[in-house]
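# Quick one: sequence and predicted model below, then my questions.
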Amino acid sequence: MNHIPVLLREALQALSVVDGIYLDATVGAGGHAGKIASRLSSGRLIGLDRDPHALELARQALLPCKNVSLHLANFTDLERVLDQEQIGALDGALFDLGVSSMQLDQPQRGFSFRAEGFLDMRMGPDAPRTAADLVNHLDSSELEQIIRAYGEERFSRKIAQAIVAHRQRHGPMTTTKQLAQLIEDITPAAVRRGSKIHPATRTFQALRIAVNDELGAIPMALEAAFQRLKPGGRLVVIAFHSLEDRLVKEFMRGKATGCTCPPGLPQCVCGKKPQAKVFRLIKSSPAEIEKNPRSRSARLRTLEKV
C-alpha cells in the first residue's frame, strides 16, 4: 500500500503556511513535507525522521524541492538540528505521531500482526531494544505494566503470564505471528466476536510504544518546538491513539492557560499569562476514512503562539 498522508489538507490549513521557515519533525515518506515545500519560494523546510528507509523515500520524493533539508534524527534532537541549520525561529512545526502505514506494510519491521516478521518494532536504529527483547527478557509483572499502561489492555495480566509461560516451555518468541496467535488463543471467544479489532492490537501498540519511548519523548519535543516558534507561529500535531492525544491536549492546554492562582485570592500573584491559543480539534472526514481506513483514529490539534 502506498503511503497516504493523513489530514493533509487540514494540516496545511492549520499551519497557515507563509513563505517562512517550517519544521516537519516526522517527515516519513514526505507527503506533508512536499506540500509545505511547494508553497515556499525563499522559505525553508527542515525535515526529521529516525527511520533511514523513510528518509530515503522522502529524499527521492522531495528531489524537485530546493528549499528542503532532511536529517536522520529523532524529533527529540530538533534543537540540535535547527542549531546546525542556523535556524533560530520557526513559522510552524508539524508532528505526525505514531507508526506510518509504510512501516506497517513492511513485514520485516515487525509492526503488524497481519504478516510474519521478526518482532522488531524499532522506528529507527537509535532504539536500543526490539520488541523481541522485551517479550523474551522482561518478567511477567514488567510485561503486564507495559501492556496495561501503553495498550490499555484489560487482559494485560493474562497476556503477560501467557508470554512468560510460552517462552519457558518453548523457548524465545521471535515472530509477530507467534505473539499474535498466542494472544488470540487466550482471548475469550465472546470477546473476539464482540470486538472490531484483532485481540493483539493493543499489545502490539504497547510494545511499539515501549520500544521507541514514544510517549516519553512527546512533551519534551513539543516544548522544544514551541520555544522555537515566532509569535503567530503554529504547532500542529496529528495523533492516532488516546495516550498520544492526551499528552498533546494537556501540553497545549497548559500553554493556553493563564493565571493558576486559587480562586479565593483577591488578585493574581502567580503572574502566569497565556502563551498561546488553541484551535478546535479536527478529525478525519468520512470521505477520508473511506479512502484511507487507517485515518479513522487521527486527531489534529493546533496551537498558535501569542
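Cool, the structure landed.
# could you pull out the helices for the stretch 101-250 of the chain?
With DSSP state H, counting those that start in this stretch as the criterion, the stretch 101-250 of the chain has helices at 101-104, 131-137, 140-151, 156-170, 176-186, 189-194, 201-212, 214-228, 242-256.
# Name the stretch among these that sits most buried.
Most buried of those, by mean neighbour count (mean count of other CB atoms under 10 Å): helix 201-212, with a mean of 23. Bear in mind the C-beta positions are built from the backbone N, C-alpha and C, glycine included.
# Contacts for it next, please.
99, 111-113, 119, 121-124, 127, 129-131, 134-135, 146-153, 159, 176, 179-180, 183, 214-215, 241, 243 (CB atoms under 8 Å, 6 or more residues apart in numbering).
# any idea how far it is from the chain center?
12 Å (CA atoms, centre = their mean, to the nearest Å).
# ok and that helix relative to helix 140-151, angle-wise?
Computed by axes from the mean of the first three to the mean of the last three CA atoms, to 10 degrees, the angle separating helix 201-212 from helix 140-151 equals 100 degrees.
# Return helix 201-212 as CSV; C-alpha atoms alone will do.
Output of helix 201-212 as CSV, limited to C-alpha atoms (Å, rounded to 0.1, in the frame of the first residue of the first chain):
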residue,chain,number,x,y,z
THR,A,201,-3.9,-4.9,18.5
ARG,A,202,-3.4,-3.3,21.9
THR,A,203,-0.5,-5.4,22.9
PHE,A,204,1.4,-4.7,19.7
GLN,A,205,0.7,-1.0,20.2
ALA,A,206,2.0,-1.2,23.8
LEU,A,207,5.2,-3.0,22.8
ARG,A,208,5.9,-0.5,20.0
ILE,A,209,5.4,2.5,22.3
ALA,A,210,7.8,0.9,24.8
VAL,A,211,10.4,0.0,22.3
ASN,A,212,10.5,3.6,20.8
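# The chain should start at 303 in everything you say after this.
Okay, using 303 as the starting number, the last item reads as helix 503-514.
# average model confidence for that helix?
Helix 503-514 shows a mean pLDDT of 96.
# the inter-axis angle of the longest strand that the chain contains versus helix 544-558?
Assignment by DSSP state E gives strand 531-541 as the longest strand of the chain. Calculated by the same axes, to 10 degrees, strand 531-541 forms an angle of 160 degrees with helix 544-558.
# got the contact list for strand 531-541?
308-309, 313, 316-318, 322, 391-400, 524, 527-528, 547, 550, 554, 578, 600-608.
# thinking again about what came up before, could the helices of the stretch 403-552 of the chain go into JSON lines alongside distance to Ser344?
Listed next are the helices of the stretch 403-552 of the chain as JSON lines, based on distance: least, CB to CB, whole Å:
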{"stretch": "helix 403-406", "distance to Ser344": "31"}
{"stretch": "helix 433-439", "distance to Ser344": "44"}
{"stretch": "helix 442-453", "distance to Ser344": "43"}
{"stretch": "helix 458-472", "distance to Ser344": "52"}
{"stretch": "helix 478-488", "distance to Ser344": "47"}
{"stretch": "helix 491-496", "distance to Ser344": "56"}
{"stretch": "helix 503-514", "distance to Ser344": "36"}
{"stretch": "helix 516-530", "distance to Ser344": "19"}
{"stretch": "helix 544-558", "distance to Ser344": "29"}
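# and Asn376, which of those is closest to it?
helix 516-530 (7.0 Å; CB to CB).
# who does that closest one touch, helix- and strand-wise?
The contact analysis (3 or more CB pairs under 8 Å, 6 or more residues apart in numbering; DSSP states H and E) places helix 516-530 against helix 380-386, strand 392-398, strand 531-541, helix 544-558.
# which outside residues touch that helix?
Against helix 516-530 from outside (CB under 8 Å, 6+ apart): 325, 327, 376-378, 380-381, 384, 389-392, 395, 397, 399-400, 452, 510-511, 537, 539, 545-546, 549-550, 553, 557, 577-578, 605, 607.
# and what of stretch 553-569?
With CB under 8 Å, 6+ apart, stretch 553-569 has contacts from 520-521, 524-525, 528, 537, 570-572, 574-580, 603, 605.
# Can you tell me which of those are buried?
Among the contacts of stretch 553-569, those buried by neighbour count (16 or more other CB atoms under 10 Å) are 520, 524, 528, 537, 577-578, 580, 603, 605.
# which residues touch the nearest residue in space to Ser344 that is not next to it in sequence?
Leaving aside its chain neighbours, Ser344 sits nearest to Asp321 (5.8 Å; criterion: CB to CB, 6 or more residues apart in numbering). Residues near Asp321 by CB under 8 Å, 6+ apart: 341-345.
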